[in-house]
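> below are the sequence and a predicted model; questions follow.
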Amino acid sequence: MVFCIESKQRPLGARALVTGGAGFIGSHLVDALVEDGWQVAVLDNLSTGRLENLAQSQDRIEFVEGDIRDLKLVGRLAKGCKAVFHQAAVVSVPLTVQDPVGSAEVNEIGTLHVLEACRRQKVKSVVLASSCAVYGDDPQVPKKEDMTPRPSSPYAVQKLAGEYYAGVFSSLYGLSAVCLRYFNVYGPRQDPSSPYSGVISIFMDRAVKKLPPTIYGDGLQYRDFIFVKDVVRANLLAASAAAAAGKVFNIGTGRQVTINDLWKQISKISEYAAAPEYGTARDGDIRESLADTGTAKAELGFEPEVSFKDGLASTFRWFESMIHHQS
Ligand code: UD2
């Protein structure tokens, strides 16, 4: 099914397409592009995205419910675009483990469709969402872009395939395709409902409901958490960095936070000081994840601006407002 939200006002700026624009990261990107005066089209099949995420921009965008597996549709929407931001994906690692073929149709072939549509429509720049998952269980930290990838899930293989295709489309066809390896992204609109949702969304949800969280393992494992609005800025910079074509960039902060410390900070913000419960460590859980941020800084001019404290506070306010909204 394809439908459009009636556009009340059309800005005169350049056209951009955001695939997965109703999702957590995609919808923040849509808001920022609209604010910047772009004419924004959103393609989302609403499998995990939600129209509520687009509430702020819905009157000023073209929304199409559809799928990146439909090459013709992607081509139609890419027509006339200056930039395409590809965020649509099966983002759940366990889902790709359960269904490696079905998820590859979205994450690999869907990504190929986006690149091919951009090639045919002569789109100036394409930014692809990749993941720190491509580093797999390599214990070396911080992760540098030139490390040999060690994908350990279908999800990671699929993201890596997208990166390789982007590199080939850049060198073979002159398309400017840039890949961003997101580290652990958090912020408002992240869905906490699955056990494999991002840990910050789960802990926020527990805190607003005044329930203790479960920490898997000893809680000393750490992650590099980056606020969603910083990820949006990285996308905008990548779209205008001509020299970045065909390259991959870590998008993280270079700061590490243990899961124990994360709960302490959320307890403080939420004024809910319950002790966490501890469960057995997750199979295949990575102990340490941290980005080397040097390449993104040198070549994209990207540096995260939101402190962890401010990012958590803003995320907490959103989760609190959602609880009040529901009750
Ligand atoms: C992230 C990505 C995943 C993949 C992977 C690659 C998210 C949501 N997931 O997985 O898609 O790219 O990186 O390395 O961004 N934890 C708890 N209690 C909970 C939930 C989680 O202790 O209720 C722990 C979990 O065991 C892990 C840490 O928190 O040690 C982070 O978990 P996560 O699922 O947010 O993200 P991660 O890094 O495992």
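Done, it's in.
> got a list of what the nearest residue to Ala88 once chain neighbours are set aside touches?
Spatial nearest neighbour of Ala88, chain neighbours left out: Gly20 (3.2 Å); criterion: Cβ to Cβ, 6 or more residues apart in numbering. (Glycine included, C-beta is placed from N, CA and C.) Contact analysis of Gly20 by Cβ atoms under 8 Å, 6 or more residues apart in numbering lists 26, 43-44, 49, 86-89, 129.
> for those residues, give me a markdown table that also has pLDDT.
Shown next, in a markdown table, are the contacts of Gly20 (pLDDT from 0 to 100):
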| residue | pLDDT |
| --- | --- |
| Gly26 | 98 |
| Leu43 | 98 |
| Asp44 | 98 |
| Gly49 | 97 |
| His86 | 98 |
| Gln87 | 98 |
| Ala88 | 98 |
| Ala89 | 98 |
| Ala129 | 98 |
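> quick one: which of those residues sit in strands?
Among these, the ones falling in strands (DSSP state E) are 43-44, 86, 129.
> out of these, which is most surrounded?
Most neighbours among the ones in strands among the contacts of Gly20, by other Cβ atoms under 10 Å: Leu43, with 31 neighbours.
> please report how far that residue lies from Gly162.
Leu43 is 16 Å from Gly162, where distance means Cβ to Cβ, to the nearest Å.
> likewise Gly301?
To Gly162, Gly301 is 24 Å away according to Cβ to Cβ.
> one more: Leu71?
For Leu71 relative to Gly162 (Cβ to Cβ), the value is 16 Å.
> so Glu303 sits against Thr293, correct?
Yes. In this structure, Glu303 is within contact of Thr293 by Cβ atoms under 8 Å, at 7.4 Å.
> these two: which has the busier surroundings?
Set Glu303 next to Thr293 and count neighbours by other Cβ under 10 Å: Thr293 wins out with 22 against 14.
> buried residues of stretch 294-308, list them for me.
Neighbour counts over stretch 294-308 (16 or more other Cβ atoms under 10 Å) mark 295-296, 299-300, 302, 304, 306, 308 as buried.
> mind putting the residues you listed in CSV, distance to the ligand included?
Putting the buried residues of stretch 294-308 into CSV (distance: Cβ to the nearest ligand atom, whole Å) gives the following:
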residue, distance to the ligand
Thr295, 19
Ala296, 17
Glu299, 23
Leu300, 21
Phe302, 19
Pro304, 16
Val306, 17
Phe308, 15
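> for the closest residue to Gly80 other than its chain neighbours, the count of nearby residues, please.
Leaving aside its sequence neighbours, Gly80 sits nearest to Arg15 (Cβ to Cβ, 6+ apart; 5.1 Å). By other Cβ under 10 Å, 20 other residues sit near Arg15.
> more crowded one of Leu71 and Gly162?
Gly162 (26 against 16).
> what residues does this protein put near the ligand?
93, 131-133, 184, 196, 198-199, 202, 213-216, 221, 223, 259, 282, 285-286, 289 (Cβ under 6 Å from any ligand atom).
> give me the buried entries from those.
Counted by 16+ other Cβ under 10 Å, those give 93, 131-133, 184, 198-199, 202, 213, 215-216, 221, 223, 259, 286, 289 as buried.
> wait, which of those is closest to Ser171?
Ser131 (22.4 Å; Cβ to Cβ).
> which residues does that closest one contact?
By Cβ under 8 Å, 6+ apart, the residues touching Ser131 are 155-156, 159, 181-182.
> and it, its phi and psi?
phi -150, psi 150 (degrees, to the nearest 10).
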